[in-house]
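**Q** Prediction below, plus the sequence it came from.
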Amino acid sequence: MKTTMKTTTKLLVGTLSVGLFAAGGCIKPPPGSGSGPPPGSAASIGGGAAPAAAETAAAAPATVAATAAPVAPAVAGAPIGTTGFKECTAEGLIDDGEDGNNQNMPNDNRGGYWYTFRDKKGTTIEPVAGEDGGTFAMSEGGHGSQFAARYHGKIGTGAPLFGGMGMNFVDPKAMYDASKYAGISFWAKKAENSTGKVRLKIPDVNTDPEGGSCTECFNDFGADLNLTTDWKQYIFPWKSMKQMPGWGAPRKPHITPSKIFGIQFQVNVPSANYDIFIDDLKFICQ
C-alpha cells in the first residue's frame, strides 16, 4: 500500500534500443528448475561456464552500455496519458513489492520469481545471487511506498562483466504472451555514489537460448538508462526497444512481445559502484 510522500516526478519515454522482492511471505529460490540453465546464472547470460563465443558476445555490451545515455528528454510531472499510452487495468501490474515476497504479482497467468546475478570476475552483489545460494529480498524505501527492488555492489575487472537483477514472468521459466500490452513502465533511481548507467533487457524467443532461435544469444531487446538520484518514471513501448549494435543472431527489427521470458536490469561499467532501485513495474496499454 502506498504512503503519502513527495517525490520528484519525471517521465522518460524510450526511443532506444529490468530481482526484486522477498522480505517476507512466501520465499522461494529463483526459478530455473526446468530445462536450461537457471535464470540469472552465468550460463543464462553468456558468462561463466558458457562457451567462449558466448562469453565474447556477453562482453560486447560492456563498452556500449558504459557510454550510452537515453535519447529522449525527461518531462517533469508528465502523466502517462500525455505519451499516447495509458495505465492498464489491475492485471497490468507486474509488481510493486508491497506484498512482501519475492514473487511477482500472480496477475494474468504470471507469478515468476525475482533473482540477482553476477559475473565471476570479481563483481559483488547484494542480495546474494541465486547461483551463490541467495534468495532475493526487497528493500525499504520505495517510490512513495514501503518497499522497492534494490541491488547493489561493485563491478569487477576483466570480461565479461555484469551485475544485475531480473525476473521471469512464469515459473518454471517459459515464454509469456504479452502481446495485448503495448510495453512496460517502471520507476527507478540510483543512490548517491552509484553509476546511473543501467541496461534494460527483455529476453525473447529470438535472444534467449530457451527460445530455440538464436545462434548468438543474449543480445536482448531493451534500452540504455542513465538514472539519477531522483525517482523518475520510464516508459518503453515494445517498438522502441532495440538490440545492441554489432552482434547477436538473429537480428530482428522488433521484439516479439507474444514470446518474452522476463525482465532484467544490468550494470556493465568496469570497476563501478552500483546501487539501483526499481519500483512500480507495470505493463502499459495503447
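**A** That came through fine.
**Q** Going by C-alpha atoms from here, please, whenever you check contacts or count neighbours.
**A** Noted.
**Q** which intervals of the chain have sub-threshold pLDDT?
**A** 1-79 (pLDDT under 70).
**Q** one more time with 90, if that's ok
**A** 1-84, 97-102, 130, 137-142, 144-147, 158-159 (pLDDT under 90).
**Q** That one: helices as residue ranges?
**A** 52-59, 61-67 (DSSP state H).
**Q** Contacts only, for residue 183.
**A** 235-238, 283-285 (CA atoms under 8 Å, 6 or more residues apart in numbering).
**Q** what's the closest non-adjacent residue to it?
**A** Spatial nearest neighbour of residue 183, chain neighbours left out: residue 237 (4.0 Å); criterion: CA to CA, 6 or more residues apart in numbering.
**Q** Equivalent analysis for residue 127, please.
**A** residue 136 is the one closest to residue 127 (CA to CA, 6+ apart), at 5.7 Å.
**Q** For residue 134, see how far away residue 172 is.
**A** From residue 172 across to residue 134, the span is 18 Å (CA to CA, to the nearest Å).
**Q** Mind giving me the packing neighbours of the lengthiest strand in the chain?
**A** Longest strand in the chain, counting residues (DSSP state E): strand 273-285. Packing partners of strand 273-285 (3 or more CA pairs under 8 Å, 6 or more residues apart in numbering; DSSP states H and E): strand 86-87, strand 93-95, strand 147-154, strand 183-190.
**Q** and that strand, which strands flank it?
**A** strand 86-87 (antiparallel), strand 93-95 (antiparallel), strand 147-154 (antiparallel), strand 183-190 (antiparallel) (DSSP bridges).
**Q** Any chance of JSON lines for these, columns distance to residue 253?
**A** Formatted as JSON lines, the strands paired with strand 273-285 follow (distance: least, CA to CA, whole Å):
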{"stretch": "strand 86-87", "distance to residue 253": "24"}
{"stretch": "strand 93-95", "distance to residue 253": "26"}
{"stretch": "strand 147-154", "distance to residue 253": "31"}
{"stretch": "strand 183-190", "distance to residue 253": "16"}
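**Q** Which one of these lies nearest to residue 140?
**A** For the strands paired with strand 273-285, the distance to residue 140 is smallest for strand 147-154, at 4.5 Å, taking CA to CA.
**Q** before we move on, the earlier item: what is the burial count for the residue nearest to residue 127?
**A** 31 (other CA atoms under 10 Å).
**Q** Over to the one 4 residues further on?
**A** Residues contacting residue 140 under the criterion other CA under 10 Å number 14.
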